[in-house]
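[1] Sharing a model prediction with you, sequence too.
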Amino acid sequence: MEIILIQDVERLGSKDDILTVKDGFARNYLIPQKKAIAATPSAKKVMAENVRQRAHKEARLREEAQKIAEKLINKKVKIGAKVSSAGKIFGSVNTIQVAEAINKKGFEIDRKQITLPEDSIKEIGTYTAKIKLFKDVVVDLEFDVVGE
């Protein structure tokens, strides 16, 4: 079945993508959850007009994301954590702590934009987080986890 996504769906596509998915997935999940609509000819025309109107706005947002990405490329962030004598962290470092450390440097990054390399960071060391600033603008940011 051919559908038009109304909103971003992780591991499937982004808003206004026209995709072909299995009928059951579309009818039982995507359409009832208001994540997609059936790709009828009239729906395709409406979507094309919306895309045309939104293109200029997205170009400006992409430029802003590129500027932020250029500033973030060479930055390094330190995150303090309580550590045992063996070098293990009490608890773990998560995206909230990384976002707070980046925001202290003067950037406005939401924790939802950050992807950590592992499920949980439980040791002192240097790690790399991926920050998704826009659909296709992703920055790798190094951060150090140090003991307090």
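    Yes, it's here.

[2] I'd like to know how many residues surround residue 52.
    Counted with other Cβ atoms under 10 Å, residues neighbouring residue 52 total 9. For every residue, glycine as well, the C-beta is placed using N, CA and C.

[3] May I see the buried residues of the helix or strand encompassing it?
    Following DSSP states H and E, one finds residue 52 within helix 41-72. By 16 or more other Cβ atoms under 10 Å, the buried positions in helix 41-72 come out as 47, 65, 68-69, 72.

[4] got it, and stretch 13-21?
    With burial defined by 16+ other Cβ under 10 Å, the residues of stretch 13-21 counted as buried are 13, 15, 19, 21.

[5] List just the nearest of the residues you listed to residue 33.
    residue 21 (13.0 Å; Cβ to Cβ).

[6] Show me what secondary structure element comes after the helix holding residue 52.
    Counting by DSSP H and E, what follows helix 41-72 is strand 76-81.

[7] and the following helix or strand past that following strand, which residues are buried?
    Using DSSP H and E, the helix or strand that follows strand 76-81 towards the C-terminus is strand 88-93. Buried positions in strand 88-93, judged by neighbour count with 16+ other Cβ under 10 Å: 89, 92-93.

[8] for this protein, what are the low-confidence residue spans?
    119 (pLDDT under 70).

[9] Next, give phi and psi for the most far-flung residue of it relative to its centre.
    The centre of the chain is farthest from one residue, residue 85, which by Cα atoms, centre = their mean lies 35.2 Å away. Geometry field for residue 85 lists phi and psi as phi -70, psi -20, criterion degrees, to the nearest 10.

[10] quick one, domains of the protein?
    2-61, 69-147 (automatic domain parsing).

[11] what's near enough to touch residue 96?
    With contact taken as Cβ atoms under 8 Å, 6 or more residues apart in numbering, residue 96 is in contact with residue 111.

[12] same question but for residue 137, I mixed them up
    So residue 137 contacts 62, 65-66, 69 (Cβ under 8 Å, 6+ apart).

[13] what do you get if the cut-off is 10 Å, keeping everything else the same?
    Going by Cβ atoms under 10 Å, 6 or more residues apart in numbering, residue 137 touches 61-69, 131.
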